[in-house]
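K.L.:
with the input below, show me the fold.
(one chain, ligands or ions: 1)
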Amino acid sequence: MTETVDATRPNGPEAAPPTDWNRVFRPHAVAVLGATGRADSPMARPLRWLAERGFSGHVWPVNPKYDELAGLPCFASLDAVPGPVDLVLALVPAAHAPDAVRQAGAASAAAVVVFASGFAEVGTDGAELQHELVAAARESGVRVLGPNCQGIYYAPTRLFATFTAAADRPLRGSSGIAYVGQSGAVGGSVLDIAAEQGLDLTAWVSTGNQADVDLTEIGRYLAADPEISVLAVYAESVRDGAAYERLAAEAAAAGTSLVVLRSGRSGAGRRAAVSHTGAMLGDDTAFRLVSRRYGVVLVDDVEELLAAATVLRGQPRPAGRRIAAVSTSGGAGILAADRCEGHGLALPELAPETQDKLSRLVPAFGALANPVDVTAQLFNTGERAFGDVCSIVCADPSVDALLVLLTMVVGDEAADLAEDLTAAMSGSGVPCSVVWLAGQDRTTRARAILREAGIPVFSSIAVAARVAGALTPDRMPDTAPGRAPLPWLPEAADDLDPATDGGWALLDAIGVDTPASVHAGTAAEATDAARALAGAGGTVVMKAVAPGLEHKTEAGGVRLGVAAERAAAVFDELATTVASLAGVLVQQAVPGGVELLVGASGGRDGWPPVLTVGLGGTATEVHRDVATALAPITPGDAHALLRELRCWPLLAGHRGAPGVDVDAVVEAIVRVGAVVARRPDLAELEINPLIVGPTGAVAVDVLVATRTP
Ligand SMILES: CC(=O)SCCNC(=O)CCNC(=O)[C@H](O)C(C)(C)COP(=O)(O)OP(=O)(O)OC[C@H]1O[C@@H](n2cnc3c(N)ncnc32)[C@H](O)[C@@H]1OP(=O)(O)O
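P.N.:
The predicted structure is shown next:
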């Protein structure tokens, strides 16, 4: 089977007719076009499962070769079926799929699932066939799921409209967890592993090439479904930022937890960026920030996806980043502490009262502070001692989450411990995960007891720590849409061509301070400008202006401390150093201060724009001390963003040194964020450096890139 492809969609989803997804997930009648008589073929499964697994609607096999299939009357064509059809499963080869879609349209079906491979994922011819498929869908008014997909199952209606081998087992589908993803193969793994862990998925959808319907559209339906409490998503690409944001927002509003495993983050956009900001940010920065805005949990593999879903389904989310470790081994506790800290979690020392209570249970040679080492000896001190220890730890006000590390506790003892821990955690208000470092075969029952209670069990400390980190809400600044009124910006900022004057005019228009500057086209003009700007005995800065010159310092195009009498000579030097010199910007020298970067990348593909602040100057990419947020941003959030920087002490003042004018920096950040949010033609706007002193912040260099909106 080939990888799925997110092909370009002709007559895109925006042109799609309104869809009643209830007709797809709760259909009254399903037609199986190309139903096969080859019972051993995987393609025989959908019809068999629809016939045998309690689906209560009509099931109509369609294939001119047969009179009867799976004990059901079989029809020669779709127009021969004896009633309205909601959903068509097309099991025919790719070349027949557009016709299947037209037939489904004629039968007034809501949607067709096209299982066949052989479309955009196989090259140009396949891409053309895929275009034809979508064109057929638009003409016929039906929606297409796939092609190159493995279909749908929806347990509440016993709709097993899939051929995935992972569904070839008894499935109750009672977990409240739904999966939607492009890849049916990854989806099959999620389904199978979940079922093995006793978490039968309630809904499962593979969207394949997403020629028409994409995972955000299905996700939104499932997120609003009261049967679903957790939506697990596997996304190979999320091309439409607005559609993803809508899914995240609707899931959050419905109280459905969203966990996303995303692959295929390419560096292409990063390579294309002209600014320092663009070069430092990954392509997925906007995706991550939107996810954070709506509390989406981001994970890195299938095991994490399921573990996160397990916690979200049965336990509260941690309120903060403070975690306690309770271990039967000192070594495992220390490993856990290291890994947790590596994922941004803190292990606070437990309160003296907590430690005092623990000391009555934990042997003297254990540890009480955090990690808590109960030692193997604990199990001699009483039947419920382990659960009591965990309850005491969870009651400590400094604990947001609990990580339990168990070593060689196996067999009946393991099952008893699992019961004890489950009882202790229920109603504790603190989420718990377990790492069990013992053979699965000797802890099978214990693991099942914990998972049943919504407590995930890991075999790896590193993975458990990563999931704990992913589940922890990010407290970095974030501005939900509508909460950030755009600051007043002069109308000039809306009308001006952003590239005018290399971006300086735009900064003036949005009210960011810039040094007095004069453009000099000749050496003589440079001397005059320097005399006017330098003041008595002072100096100016001279900067080369040339087409495509983005990083002037690296190109030898910046001269600092130029006295007026040297301005002409420096002009001539710059003319020889910099190719195609179009003139020189003579600037008033700005007194030294902290050099910051304030940048913004405008939204692409429906993603909101991203603001970046950081330590600026020429070593920006060396320091990589940056913080990001979605634009626009409020002054409060801009302030919080600055506090995230490692260089924050330089701004706030440290070791007796006075701080700088943070409010002026905040003002500049808010204004840059506002203009980028308002101007879709602004691809990048970067001030570097913004020199900030005890009073005021001045943009000393600016870079602008535009694009056609
Ligand atoms: C990562 C992932 O997993 S995503 C990938 C998901 N998809 C896949 O893996 C599918 C890959 N396979 C394909 O694409 C194949 O083309 C399939 C499975 C769709 C069809 O392949 P085959 O079964 O070999 O095609 P075949 O020509 O035999 O047609 C299938 C049945 O439909 C019937 N049929 C064909 N055309 C029509 C039609 N227009 N109307 C009704 N029945 C039809 C055939 O008679 C046949 O039935 P039979 O098996 O009883 O003879």
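K.L.:
CA only for contacts and neighbour counts going forward, please
P.N.:
Fine.
K.L.:
helices along the stretch 101-250 of the chain, start to end?
P.N.:
124-140, 184-196, 215-223, 241-254 (DSSP state H, counting those that start in this stretch).
K.L.:
can you list the ones you listed in CSV and add mean neighbour count?
P.N.:
CSV is the format used below for those (neighbours: other C-alpha atoms under 10 Å):
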stretch, mean neighbour count
helix 124-140, 20
helix 184-196, 20
helix 215-223, 22
helix 241-254, 19
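K.L.:
between these, which one is closest to the ligand.
P.N.:
Closest to the ligand of these, according to C-alpha to the nearest ligand atom: helix 184-196, at 4.7 Å.
K.L.:
what sits up against the closest one?
P.N.:
For helix 184-196, the surrounding residues in contact (C-alpha atoms under 8 Å, 6 or more residues apart in numbering) are 149-151, 164-167, 171, 179-181, 200-201, 204-208, 234, 302, 306.
K.L.:
swap in stretch 160-171?
P.N.:
Against stretch 160-171 from outside (C-alpha under 8 Å, 6+ apart): 42-47, 49-50, 53, 89, 150-155, 184, 188-189, 191-192, 195, 200-201.
K.L.:
rewinding a little: out of the contacts of helix 184-196, which are inside strands?
P.N.:
151, 179, 180, 181, 204, 205, 206, 234 (DSSP state E).
K.L.:
quick check, the residue in the stretch 601-709 of the chain closest to the ligand?
P.N.:
For the stretch 601-709 of the chain, C-alpha to the nearest ligand atom, closest residue to the ligand: residue 605, 25.6 Å.
K.L.:
which residues are in contact with that residue?
P.N.:
Neighbours of residue 605 in contact, by C-alpha under 8 Å, 6+ apart: 239, 240, 241, 242.
K.L.:
now those residues in JSON lines, with distance to the ligand?
P.N.:
Shown next, in JSON lines, are the contacts of residue 605 (distance: C-alpha to the nearest ligand atom, whole Å):
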{"residue": "239", "distance to the ligand": "19"}
{"residue": "240", "distance to the ligand": "22"}
{"residue": "241", "distance to the ligand": "24"}
{"residue": "242", "distance to the ligand": "26"}
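K.L.:
count of residues packed around the residue nearest to residue 539 when sequence neighbours are not counted?
P.N.:
Among residues not flanking residue 539 along the chain, residue 563 sits closest, at 4.5 Å (C-alpha to C-alpha, 6 or more residues apart in numbering). Counted with other C-alpha atoms under 10 Å, residues neighbouring residue 563 total 20.
K.L.:
and for the one 3 residues further on?
P.N.:
Residues lying near residue 566 (other C-alpha under 10 Å) number 15.
K.L.:
ramachandran angles for it?
P.N.:
In terms of degrees, to the nearest 10, the main-chain angles of residue 566 are phi -100, psi 0.
K.L.:
element containing the residue nearest to it when sequence neighbours are not counted?
P.N.:
Counting by C-alpha to C-alpha, 6+ apart, residue 527 is the residue found nearest to residue 566 once chain neighbours are left out, at 7.7 Å. Residue 527 is located in helix 523-534, with elements delineated by DSSP states H and E.
K.L.:
isn't residue 390 right up against residue 423?
P.N.:
No: using C-alpha atoms under 8 Å, residue 390 is not in contact with residue 423, being 10.4 Å away.
K.L.:
and residue 614, which of the helices of the stretch 101-250 of the chain is closest to it?
P.N.:
When these are compared by C-alpha to C-alpha, helix 241-254 sits nearest residue 614, at 25.0 Å.
K.L.:
immediately after that closest one, which helix or strand?
P.N.:
Following helix 241-254 toward the C-terminus (DSSP H and E): strand 257-262.
K.L.:
thought residue 445 was touching residue 413?
P.N.:
No: assessed by C-alpha under 8 Å, residue 445 is found out of contact with residue 413, at 10.5 Å.
K.L.:
so for those two, which sits in the more crowded spot?
P.N.:
The neighbour comparison of residue 445 against residue 413 (other C-alpha under 10 Å) goes to residue 445, with 18 against 14.
K.L.:
quick one: residues contacting that one.
P.N.:
Counting by C-alpha under 8 Å, 6+ apart, residue 445 touches residue 415.
K.L.:
distance between the helix or strand hosting it and the chain's centre?
P.N.:
Assigned by DSSP H and E, residue 445 belongs to helix 444-452. Computed by C-alpha atoms, centre = their mean, to the nearest Å, the separation of helix 444-452 from the middle of its chain amounts to 30 Å.
K.L.:
i'd like the first residue to be 41 from this point on
P.N.:
All set: I'll call the first residue 41, so the last point we hit is now helix 484-492.
K.L.:
flag every buried residue along it.
P.N.:
485, 486, 487, 488, 489, 490, 491, 492 (16 or more other C-alpha atoms under 10 Å).
K.L.:
can you pull up the most central residue in this structure?
P.N.:
Per C-alpha atoms, centre = their mean, the C-alpha nearest to the average position across the chain is that of residue 328, at 4.0 Å.
K.L.:
pull the helix or strand with minimum mean pLDDT from this structure.
P.N.:
helix 308-312 (a mean of 46; mean pLDDT, DSSP states H and E).
K.L.:
which one's the longest strand in this structure?
P.N.:
The chain, longest strand under DSSP E: strand 722-732.
K.L.:
that one: how far from the chain's middle?
P.N.:
26 Å.
K.L.:
direction included, what does the helix or strand that it is followed by pair against?
P.N.:
Beyond strand 722-732 on the C-terminal side, the first helix or strand identified by DSSP H and E is strand 737-739. Sheet pairing here is set by DSSP bridges, and for strand 737-739 it gives strand 722-732 (antiparallel).
K.L.:
not counting sequence-adjacent ones, nearest residue to residue 93?
P.N.:
Spatially, and ignoring its direct neighbours in sequence, residue 93 is nearest to residue 198 (6.4 Å; C-alpha to C-alpha, 6+ apart).
K.L.:
same thing with residue 189?
P.N.:
residue 248 (4.0 Å).
K.L.:
could you pick out the residues of the stretch 191-340 of the chain near the ligand for me?
P.N.:
223, 224, 225, 248 (C-alpha under 6 Å from any ligand atom).
K.L.:
how close does the second one sit to residue 614?
P.N.:
Put plainly, it is residue 224. Distance, residue 224 to residue 614, using C-alpha to C-alpha, to the nearest Å: 60 Å.
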